[in-house]
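Chemist: Next come a sequence and a model predicted from it.
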Amino acid sequence: MSVEFREEPCRSALNRVQGMPFKWSLNPYMGCAHRCTFCYVRGFERRADRPAGEAYGRSVRVKVNVAEVLRRELGRKSWQREVVAIGAATDPYQPAEGRYRLTRACLEVFADARSPFSIITRGPMIVRDLDVLRRAATRAEVHVTFSVPTLDTEIWRRTEPGTAPPRQRLRALRMLIDAGIDAGVGIAPVLPGISDRPELLADVVRAARDAGATNVWCNVLYLQPGTREHFMEHLARDWPELVPSYLALYRRPYPGRATTEPVKGTVAALKKRFGVADRRVRPLEPSPAAEQLALAI
């Protein structure tokens with residue numbers, strides 16, 4: 001698939017976020033060549049009157065000056081060094097990063113500013129930036145989540161057409177863990193009737209444990225308008241027998257507790273069964289002196 005890269009400067013780098021566990025996000029790119037069928041960002045694109053269907057991901061905005069703008073914003077006296085989520089709306093390690101290296105440039109800015117951040121990605125390319133991640137992790141809180149919804153090859157191919165194979169992500173996670181970086185796995189989204197079978201969830205949790213993941217969490221598919229239409233088209237093609245059950249489950253964007261709680265309970269039990277925990281031999285964490293220096297800057 002050919003992707004158009006639109007090099008456009010940005011006026012701001014940090015985005016204030018509401019209704020999420022984090023208050024700030026950063027996205028060096030807009031649009032994502034991974035083109036996952038379930039991507040919740042399609043809903044935001046539709047509300048902004050941008051392509052949310054098959055055309056989504058064929059054009060990626062490259063914020064060519066994002067690192068310079070971020071440096072100014074983190075340098076403000078008003079900045080409270082709150083955790084910034086990198087990749088909340090587009091994968092920071094999608095293929096464009098190999099060419100533009102904007103995510104790496106932003107990580108260097110965070111390290112220089114001693115400001116904490118988290119990353120969520122499906123991109124093994126992150127191992128290229130181990131040197132910057134290590135430096136940042138000795139100066140401020142750093143956490144990485146690899147999104148691994150399933151290890152089932154057929155489900156992966158049908159729902160995440162532009163991503164690296166899940167086990168490549170787990171190999172990248174192991175490299176981060178061995179380097180002392182706090183890195184875990186997000187089983188998200190779990191697809192009802194497709195990837196929610198206990199044995200499939202167990203495969204992911206076991207593999208995450210074996211790779212050294214410090215934590216594992218999960219979330220069930222969210223279908224807001226924009227994402228819903230695209231996902232349902234692919235569901236009708238790939239799993240047509242499930243269309244009636246999805247229409248019943250997704251009368252609202254998020255299914256009820258009767259659907260979500262058993263999945264979360266299963267993953268919680270699997271974490272305990274397989275002993276998922278922080279087992280880093282030499283964990284990288286900011287020293288007290290570094291934290292005091294950050295507060296003094």
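Modeler: Done, it's in.
Chemist: now stretch 92-101, how far from the chain's geometric center?
Modeler: 15 Å (C-alpha atoms, centre = their mean, to the nearest Å).
Chemist: mind showing which ranges of the stretch 51-200 of the chain have poor pLDDT?
Modeler: 51-53, 55 (pLDDT under 70).
Chemist: how close does the nearest residue to Leu133 once chain neighbours are set aside sit to Asp129?
Modeler: Sequence neighbours aside, Ile181 is the residue nearest to Leu133 in space, at 5.4 Å (criterion: C-beta to C-beta, 6 or more residues apart in numbering). Using the backbone N, CA and C atoms, a C-beta is placed for each residue, glycine as well. Distance of Ile181 to Asp129, given as C-beta to C-beta, to the nearest Å: 10 Å.
Chemist: which one of those two has more residues nearby?
Modeler: Higher neighbour count among Ile181 and Asp129: Ile181, with 23 against 20, using other C-beta atoms under 10 Å.
Chemist: dump the residue contacts of the more buried one.
Modeler: Counting by C-beta atoms under 8 Å, 6 or more residues apart in numbering, Ile181 makes contact with Leu130, Leu133, Arg134, Ala137, Val142, Val144, Leu284.
Chemist: Doesn't the last one belong to a helix?
Modeler: Yep, that's Leu284 we're talking about. No. Going by DSSP: H, G, I helix; E, B strand; the rest coil, the assignment for Leu284 is coil, not a helix.
Chemist: residues near it, how many?
Modeler: Leu284, neighbours per other C-beta under 10 Å, totals 18.
Chemist: Verify the contact between it and Ala137 for me.
Modeler: Yes. The pair Leu284 / Ala137 is scored as a contact, 3.9 Å apart, by C-beta atoms under 8 Å.
Chemist: Now the common contact residues for the two.
Modeler: With C-beta under 8 Å, 6+ apart as the test, Leu284 and Ala137 both reach Gly180, Ile181, Asp182.
Chemist: Tell me where the chain has strands.
Modeler: 4-7, 14-16, 24-26, 29-30, 59-62, 84-86, 117-121, 142-147, 183-190, 216-220 (DSSP state E).
Chemist: Residues contacting the shortest one, please?
Modeler: When you say that, I think you mean strand 29-30. Val60, Arg61, Val62, Lys63, Ala89, Thr90, Asp91, Pro92, Gln94, Ala96, Glu97, Leu102.
Chemist: Distance to Arg169 and neighbour count for the residues you listed - can I get that in CSV?
Modeler: As requested, those are arranged in CSV below (distance: C-beta to C-beta, whole Å; neighbours: other C-beta atoms under 10 Å):
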residue, distance to Arg169, neighbour count
Val60, 21, 19
Arg61, 25, 19
Val62, 23, 21
Lys63, 25, 24
Ala89, 19, 20
Thr90, 17, 21
Asp91, 11, 28
Pro92, 14, 27
Gln94, 13, 26
Ala96, 18, 23
Glu97, 15, 22
Leu102, 21, 21
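Chemist: which residues does the most centrally placed residue in the chain bridge with?
Modeler: In the chain, the residue lying closest to the centroid (C-alpha atoms, centre = their mean) is Ile120, at 2.7 Å. Beta-bridge pairing for Ile120 (DSSP bridges): Thr145.
Chemist: So it sits against His143, correct?
Modeler: No. If you go by C-beta under 8 Å, Ile120 and His143 don't touch, sitting 9.3 Å apart.
Chemist: For the closest residue to Cys218 other than its chain neighbours, give me its contacts.
Modeler: Counting by C-beta to C-beta, 6+ apart, Cys218 lies nearest to Ile187, which is 4.0 Å off, once chain neighbours are set aside. If you count contacts by C-beta under 8 Å, 6+ apart, Ile187 has them with Val148, Pro149, Thr150, Leu201, Val204, Val205, Val216, Trp217, Cys218, Asn219, Val267.
Chemist: tell me the average confidence for stretch 17-34?
Modeler: Mean pLDDT, stretch 17-34: 90.
Chemist: buried residues in that stretch?
Modeler: Buried residues in stretch 17-34, counting neighbours by 16 or more other C-beta atoms under 10 Å, are found at Trp24, Ser25, Leu26, Asn27, Pro28, Tyr29, Met30, Gly31, Cys32, Ala33, His34.
Chemist: swap in stretch 56-70?
Modeler: Tyr56, Gly57, Val60, Arg61, Val62, Lys63, Val64, Asn65, Val66, Ala67, Val69, Leu70.
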